[in-house]
Structure formats: C-alpha cells, structure tokens
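*Asks:* the sequence and its predicted three-dimensional model are supplied below.
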Amino acid sequence: MAATPEQPSPATPRRKVSRHRGEGQWARGHFTPLNGNEQFKKDDDGLNVRTRIETIYSKAGFDSIDPNDLRGRMRWWGLYTQRKPGIDGGKTAILEPEELDDEYFMLRVRIDGGRLTTEQLRVIGEISQEFARGTADITDRQNVQYHWIRIEDVPEIWRRLEEVGLSTTEACGDTPRVILGSPVAGIAEDEIIDGTPAIDEIQRRIIGNPDFSNLPRKFKSAISGSPSLDVAHEINDIAFVGVDHPEHGPGFDVWVGGGLSTNPKIGQRLGAWVPLDEVPDVYTGVISIFRDYGYRRLRTRARLKFLLADWGAEKFRQILEDEYLERKLIDGPAPEQPLQRWRDHVGVHRQRDGRFYVGFAPRVGRVDGVKLAEIAALAEAHGSGRLRTTAEQKMIVLDVTEDRVDSLVAGLEALDLRVKPSPFRRGTMACTGIEFCKLAIVETKERGATLIDELERRIPDFDEPITININGCPNACARIQTADIGLKGQLMLDQDGNQVEGFQVHLGGALGLEAGFGRKVRGLKVTSQELPDYVERVLGRFEKEREDGERFATWAARADEEALS
C-alpha cells in the first residue's frame, strides 16, 4: 500500500504525535501542509499527472493545464516550463510565474548510471530533431535535456523513449532523481567494485514507487566503485563510494547530506561499510528518513543536508540502524584520495578486458540531435554499441578494439568532440542559463563556449588542470562552489554605470582532492565582457606565483586578494 500524508507506509514505525507544527515532519505527526508545494502534493501524487497529460493536456493544449500540474506535478515526469524569450535577467525575481512561462517545456531524460546503447542515443537524437528544434544538452548529472517541447508531443516522446528502455519518470520534482554511477563501471582496470547491480535494484524498488514520490524536496544519489571518485559523491544527498575493507573486502563507504545551492554542504561519512547486496537496503533506509523526518515547512530548509546538520552523523546513523534497518552497520574505512586530477575519463584508456574506452568533450555539454545521431553511428561502427555519459558533461564510447581507436578518435574530432581537449574545453561546465531557465539571471552556455575559444587563443600553452564552472543564478546547478574558478551570475554595473550581466567569483573550490568550497573575495565581480580578460589575468598570476606541483585551488587559498582580483 502506498504511503500518503494520512497513511504512512506500513514499514514505517508508529511514533508519538506532537501537537505543534514544528518543521512539518511526518515522523512527528505533522501531516498538515505548511506551504503550497506540500498542499498540491497532498492533494494528488505527482505521478498521477501522466494520465492527465496523455488524455487531456496533450489533446486540449497548453491553456488547458491546471496551474498546480503545470508548475508542480509535471516535474514528476521531467517537465519544466521554459523561460519566455526576451525577458531579461532583471525581471527574473520580479515577474509572476505565469509571466515567465513560455508555452514550451524542458524535458529531462534520466540516464541512471550514465548508461546508454547506440540505439537509445539514436532515438534521443531523433526526438531532438523532430520535437525539440535540435536541442539536447548533456548535464552534469548524466542526463540529457531537451527544450522547445510542446505538450501535444509529450505522449509520443514518452512512447519512443520507453520503447528503448529510457524514461523521464521522476527526473525532476520532490523525488528520487537520477542515480549517478561511474561511467566506467564494470570495465575500468582499477575499479574497486562495480555498483551497477545496486543501481538497477534501487531503480526497481524506488523509482515510480508512490511510497517515495512525496519527499520534502529532491533527493540526489550516487554510486561509484571507481578510485577516481567520479560521481561528485561529496555533494549528493546519499552516496556510496567504493572502498576495500581490510576484513570484508570490496564494498562501499556511505556519505549523506551533501548539496550546494545557496547553503552548500559537503556530505558527511557515516563511517559505515556496506556490501554491494545491501546498498539498496541502506538507500531505502536513508530516503525513508528523509521522507519521514525531513523538514517540510520551509522550502529553503527542506533538503536532507539541513536535517543532518541538526542531527549530526552519529545520530543519523543510529536512527538509520535502529528504526529502519533494525540492525547495526559494519564500521569501515574512508576512501583514499584519488591519484589523478581529472576524473571525467576523457581520453583513450585501456579496459580490464584489453579493449579501450574513449572519452570526449563537447563544449559545455551542448550537443544537438544531428550530432548525437553521428556519435551513435561512430560508436556502433567502432565499439560494441555501449556509451556512457559522465557527471562532467562528457561522453564515453566503450569496448573499442585497439585497431579501431585511431579511426574513432578521428571521427569524433571531425565532429568537434575533443578526445585530447585543452584544459579549458575539458574543465569548463555551464548550466542552462537565461536562454531557457526561469531562475537564471545571465547567459551561460554561449558565454562558456566563447570563453573556451578565447582562452585557447590567448594562452595556448597553459596545460594545468583547471575547472571553470558557470552558473546563471545562485542555485549552483553547475557547482560553482566546487570549481577552481566558479562564476555565479548576477547583474552589475559596468564602468559607465550601465546594468550588465556579470558574475561573482569563487576561487579554489574542489571535489575529490581536498574537497571544499571556493573562496569569495569581497567585492570581486566581473562583467561578462571582461570575463576572458579576468581569467587570463588570474591564471597568469597563478603560473607566476605557484610553487612546484601546486594546484590552482591551493594557490588560490593562500594568494593575497590583489593577486586574485
């Protein structure tokens, strides 16, 4: 029986009901909705909107859509209204939602573990060309996003995706989002453990299950057995990281409570080692804690990271063990620091079976339907029909024999998909930005592509790993706080007093190696036009002042403010 606010899941222990509203925690008996989002979720499960889309909205058109479905429940099926063209960033926080809404949608295709076949990629490309004006962006959560989707076309798009085993179920909304997985799971020579079976079992148990379709907010997760730490585990609500236990062998270290946005938190270790076959149980326990104890009063405090901050890791683990697993977890070691700086798997790498995988870099994750079809054809001709997306807006072709590597690389390079990219092409990510996003203040994708071109032209000999993440608003979809150079979009005044697009600068953030958030220098902002000049200047100072082998993040932490300005 599905859980509802009136009827908690039978698996959830009954708890004493208190009388005050508190934070809206179901486990405390607080089932009365405390905001509009909680009300529309109580009124009807977001999963149910699919039937209305198929039987009513796709036939009667955009104007027939109920507002609570349009700006709420349709997210449960990967649909957001996109930004109406021509609305500048200064109006983002001023206009009402209906004034920002275009009559077209962004549609997100979830790709759990980043796993694709050439058949699936070809269908994604065909849908892009036929229904999305050619748009298709690879995200930093291994998904693909379309734009310009009409509600009339959604049922046919679903049919085609599901025919090849893809889905948009719970790709957005207050739900268990896509499960990140190592792009080289099952093939890498240095892999500690393959987490793919756990991803598959979690999908089977959780995705589309009404017991977990009404969470306080989104729930992000990651599972990787790669020593390169390639799924940004530190900033997920739950993450399982491959480790080798001295007594029990390969398994996973459990992290909870990570997340970025306007109140960033690095996840915390629970200190527990979990074998592969128990990962789905622990995942289910943690997402159940979030459902039952998560804060539902204020949307700004509704992520798991706030509950963990109040409880601490020790209490969180105790609740997980005592109330949900009903057994103790095994203590375990922390993951080792990765040896390599890049963890996007770009380049040519040997697999454990003697074949090769080839990773390549589009510009800031932006591709199109035609290019996706061409990638599918190349992968089919040179590999076994398997591809992967990465958590860094990149792609990988798997299972290439040694005699086919050079031909594949040449084919990718001809499509402007770099297998040996510059540090700037490789390390620059950008969110959707004002082109389509209703929350954005500035343009990002084109800005990032232009920045790459400028830096390659100006400092072609720069060869240090560098990450430059560009975000159109404070919500950090492009992980600005964890980049070497993080750029948060905002409006500012130029030298002539004109309001222009610009960025607040964060410097020295990192994941993997000494994970932490970037430094903000008081008053350090740069206009969009000045951005190439600024990045060139600060990288020049880094090269001049760095010590032998010093990373940019380390230098930025110790540099004086003048050197960073």
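*Replies:* Sure thing, it's come through. Numbering: from 1, shown residues only.
*Asks:* where along the stretch 351-500 of the chain do the strands fall?
*Replies:* 356-360, 366-368, 386-389, 395-400, 428-430, 468-471, 485-493, 499-507 (DSSP state E, counting those that start in this stretch).
*Asks:* packing partners of the first one?
*Replies:* The helices and strands touching strand 356-360, judged by 3 or more C-beta pairs under 8 Å, 6 or more residues apart in numbering; DSSP states H and E, are strand 347-350, strand 395-400, helix 405-414. (C-beta placed from N, C-alpha, C; glycine too.)
*Asks:* let me know which of those is tucked in deepest.
*Replies:* Among the helices and strands packed on strand 356-360, strand 395-400 has the highest mean neighbour count (mean count of other C-beta atoms under 10 Å), at a mean of 25.
*Asks:* please save the CA atoms from that one in PDB.
*Replies:* Extracted C-alpha coordinates of strand 395-400, given in PDB (Å, rounded to 0.1, in the frame of the first residue of the first chain):
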ATOM      1  CA  MET A 395      30.600  11.200 -23.100                       C
ATOM      2  CA  ILE A 396      32.400   7.900 -23.500                       C
ATOM      3  CA  VAL A 397      32.400   5.200 -26.100                       C
ATOM      4  CA  LEU A 398      33.100   1.700 -24.600                       C
ATOM      5  CA  ASP A 399      34.600  -1.500 -25.900                       C
ATOM      6  CA  VAL A 400      36.800  -0.300 -28.800                       C
END
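*Asks:* direction included, what does it pair up with?
*Replies:* Paired strands of strand 395-400, with direction, are strand 356-360 (antiparallel), strand 386-389 (antiparallel) (DSSP bridges).
*Asks:* what is the neighbour count of residue 532?
*Replies:* Neighbour count of residue 532, defined by other C-beta atoms under 10 Å: 19.
*Asks:* for the nearest residue to it once chain neighbours are set aside, give me the pLDDT.
*Replies:* Sequence neighbours aside, residue 454 is the residue nearest to residue 532 in space, at 3.9 Å (criterion: C-beta to C-beta, 6 or more residues apart in numbering). Residue 454 carries a pLDDT value of 98.
*Asks:* could I get the full set of strands for the stretch 51-200 of the chain?
*Replies:* Counting by DSSP E, counting those that start in this stretch, the segments of the stretch 51-200 of the chain that form strands are 79-83, 101-109, 115-117, 135-138, 144-149, 176-181.
*Asks:* need these in a markdown table (columns: mean neighbour count and mean pLDDT).
*Replies:* Formatted as a markdown table, these follow (neighbours: other C-beta atoms under 10 Å; pLDDT from 0 to 100):
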| stretch | mean neighbour count | mean pLDDT |
| --- | --- | --- |
| strand 79-83 | 24 | 97 |
| strand 101-109 | 22 | 97 |
| strand 115-117 | 23 | 98 |
| strand 135-138 | 23 | 98 |
| strand 144-149 | 23 | 98 |
| strand 176-181 | 28 | 98 |
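*Asks:* got a markdown table for the ones you listed, with distance to residue 382 too?
*Replies:* Listed next are those as a markdown table, based on distance: least, C-beta to C-beta, whole Å:
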| stretch | distance to residue 382 |
| --- | --- |
| strand 79-83 | 35 |
| strand 101-109 | 24 |
| strand 115-117 | 14 |
| strand 135-138 | 20 |
| strand 144-149 | 21 |
| strand 176-181 | 23 |
